[in-house]
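Visitor: Sequence first, predicted coordinates after that:
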Amino acid sequence: MHPKLTVVDHPLVAHKLSLMRDEDTSTGRFRNLARELGLLIGYEVLRDLPLEYREISTPMGKASMPFIKGKKVVLVPILRAALGLVDGLLDLVPSARVGHIGIYREPETLTAIEYFLKLPEDVAERPVVIVSAVIASGNTAIAAISRLTEHGAKNIKLVSLVSAPEGLDALARAFPGVPVFTAAVDERLDENGFVIPGLGDAGDRMFGTK
């Protein structure tokens, strides 16, 4: 298992994830739940943002109050299923920058193949949260972390809804220092590389494409 794994096991997170897993959950409800879970998990992911104190005037007088310090976080969803989670994170930090990385998994070999990348120019100077709906084999997450590292990012975290033990083990071997946040660690991968019990193809369920 990953040495820097955090399972966000709040009852609301568990309940909403169970609703997402249900095959009878509609596309619209699935999207709404993803947004809500992005927000709930985001509280834990962003817990260690640095603060600085500034003097402000309240209706009762002057006071020194905490504000987030430094350049704002960059959210980098792995297209396309992670877009729903990013909406929830943006509810928390509306001023965050958003990059995008497009990676698909080759069906036969499960190799991660990149087809799109767009990042803020100063990504190396900002904390980065990579968002993946699911960590299955770990290949896609590893590819995304590798690309962000190539662009100079140093402070990287990874977020997912559901993770498989095999993917977490692969991440531990490749990037043991990158914190991983997930709502659940499931049983295993099946022969096609899908998480069991998982939640199906998150992209198709998010956008109603199957």
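Guide: That came through, no problem.

Visitor: Of all the helix elements in this structure, which one is longest?
Guide: In the chain, assigned by DSSP state H, the helix with the most residues is helix 27-45.

Visitor: where's residue 57, which helix or strand?
Guide: Per DSSP states H and E: residue 57 is located in strand 51-58.

Visitor: ok and the very next helix or strand once past that strand relative to strand 51-58, angle-wise?
Guide: Sequence-wise, the next helix or strand downstream of strand 51-58 (DSSP H and E) is strand 61-68. When axes from the mean of the first three to the mean of the last three C-alpha atoms, to 10 degrees is applied, the directions of strand 61-68 and strand 51-58 differ by 150 degrees.

Visitor: Which elements pack onto the helix or strand that strand 61-68 is followed by?
Guide: For strand 61-68, the following helix or strand on the C-terminal side (DSSP H and E) is strand 74-79. Applying 3 or more C-beta pairs under 8 Å, 6 or more residues apart in numbering; DSSP states H and E, one finds that strand 74-79 contacts helix 83-92, strand 97-98, strand 100-105, strand 128-131, helix 139-150. Glycine gets a C-beta too; all of them are placed from N, C-alpha and C.

Visitor: could those be laid out in JSON lines, adding mean neighbour count?
Guide: Shown next, in JSON lines, are those (neighbours: other C-beta atoms under 10 Å):
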{"stretch": "helix 83-92", "mean neighbour count": "21"}
{"stretch": "strand 97-98", "mean neighbour count": "18"}
{"stretch": "strand 100-105", "mean neighbour count": "18"}
{"stretch": "strand 128-131", "mean neighbour count": "26"}
{"stretch": "helix 139-150", "mean neighbour count": "20"}
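
Visitor: ok so, going back, Provide the contact partners of the strand holding residue 57 at residue level.
Guide: Strand 51-58 is contacted from outside by 62, 63, 64, 65, 66, 67, 68, 69, using C-beta atoms under 8 Å, 6 or more residues apart in numbering.

Visitor: Now the weakest link among the helices and strands packed on strand 74-79, please, by mean pLDDT.
Guide: Looking over the helices and strands packed on strand 74-79, mean pLDDT reaches its minimum on strand 100-105, with a mean of 90.

Visitor: now for that one, which elements pack on it?
Guide: Applying 3+ C-beta pairs under 8 Å, 6+ apart, one finds that strand 100-105 makes contact with strand 74-79, strand 112-118, helix 139-150.

Visitor: Tell me the buried residues in the shortest one?
Guide: Under the neighbour-count criterion of 16 or more other C-beta atoms under 10 Å, strand 74-79 has 74, 75, 76, 77, 78 buried.

Visitor: how about residue 82, what does it touch?
Guide: With C-beta under 8 Å, 6+ apart, residue 82 has these contacts: 131, 132, 133.

Visitor: hmm, back to that, now do the longest helix of the chain against strand 74-79: the angle between them, please.
Guide: Going by the same axes, to 10 degrees, helix 27-45 makes 140 degrees with strand 74-79.
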